[in-house]
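Participant: model this:
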Amino acid sequence: MSPDPSSPDPSTEPASPSGTAPGTPPGPASGTTPEPAAGPSSGSRAIDLLRSIAYGRLSVSMRALPFVTPARHIVADGRVLLRLHRGYGYHRACDGNVVAYGADNIGHGTEDIWSVQFTGTARSVDPEPRELALFGRMPRSADSDPFEPAYLHVEPRFITVHDLSGVPLRHSGHTV
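Facilitator: Numbers count the residues shown, from 1 in each chain. Below is the predicted model of the structure:
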């Protein structure tokens, strides 16, 4: 029996962005999960949220183990630049590799919490003087050692923004 000429040949149709076969809904039934939203609206909102807070967490894999370190970030010309302590050595593991970065407003005394996460390839950079000025004063020390800066540029990819509303404020009696 010959194929119906009015039906497209699934072997010639391009795969959907999620990697599933055409016409297959994403999700557990198809063996994949939908990718986080990364459209222009979530990207521009993420950048705006990052501008409102100074620090986040940089994640990288070193020797097949995940490491997370605090980092100061700025947004300049749509680029996210990070400043972290050179003494940890994480900047070497990040340079040229995919990293994850996240920041949020948790602990800032509001019941409306947001969180931004993105992945991207990190590159070591020497910031321009105007970018250094945006970073502001450096920390005095990191784990009792003098703070030595290392700078990375990460172009955000696969951006996710999450919101929680009506989060009860923490009170000091939440531990036993």
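Participant: per-residue pLDDT of the closest residue to H162 other than its chain neighbours, please?
Facilitator: Distances taken as Cβ to Cβ, 6 or more residues apart in numbering place S115 nearest to H162, at 4.6 Å, with adjacent residues excluded. Using the backbone N, CA and C atoms, a C-beta is placed for each residue, glycine as well. Here, the pLDDT recorded for S115 equals 96.
Participant: from V167, how far out is T121?
Facilitator: According to Cβ to Cβ, to the nearest Å, T121 and V167 sit 33 Å apart.
Participant: neighbour count for these two, which is higher?
Facilitator: T121 (15 against 11; other Cβ atoms under 10 Å).
Participant: contacts for the host helix or strand of that one?
Facilitator: Per DSSP states H and E: T121 is located in strand 113-124. Strand 113-124 is contacted from outside by 36, 46, 49-50, 56, 60, 80, 82, 91, 94-106, 150-165, 167, using Cβ atoms under 8 Å, 6 or more residues apart in numbering.
Participant: at the geometric centre of this protein, which residue do we find?
Facilitator: F118 (2.1 Å; Cα atoms, centre = their mean).
Participant: identify the residue spatially nearest to it, adjacent ones excluded.
Facilitator: According to Cβ to Cβ, 6+ apart, the nearest residue to F118 is P156 (4.0 Å).
Participant: isn't the one you found right up against G78?
Facilitator: No. Look at P156 against G78 with Cβ atoms under 8 Å: they stay out of range, at 9.1 Å.
Participant: between the two, which contacts overlap?
Facilitator: By Cβ under 8 Å, 6+ apart, the residues touching both P156 and G78 are I47.
Participant: between these two, who's got more neighbours?
Facilitator: Here P156 and G78 are compared on neighbour count by other Cβ under 10 Å; more neighbours surround P156, at 20 against 10.
Participant: residues contacting the more buried one?
Facilitator: P156 neighbours (Cβ under 8 Å, 6+ apart): G43, A46, I47, V80, Y101, F118, T119, G120.
Participant: minimum pLDDT in these, which residue is that?
Facilitator: G43 (83).
Participant: pretty sure it sits in a strand.
Facilitator: No. Counting by DSSP: H, G, I helix; E, B strand; the rest coil, G43 is located in no strand; its state is helix.
Participant: which helix or which strand is home to the nearest residue to it once chain neighbours are set aside?
Facilitator: The shortest distance from G43 to any residue other than its chain neighbours is 5.1 Å, reached at I159 (Cβ to Cβ, 6+ apart). Per DSSP H and E, I159 falls inside strand 157-164.
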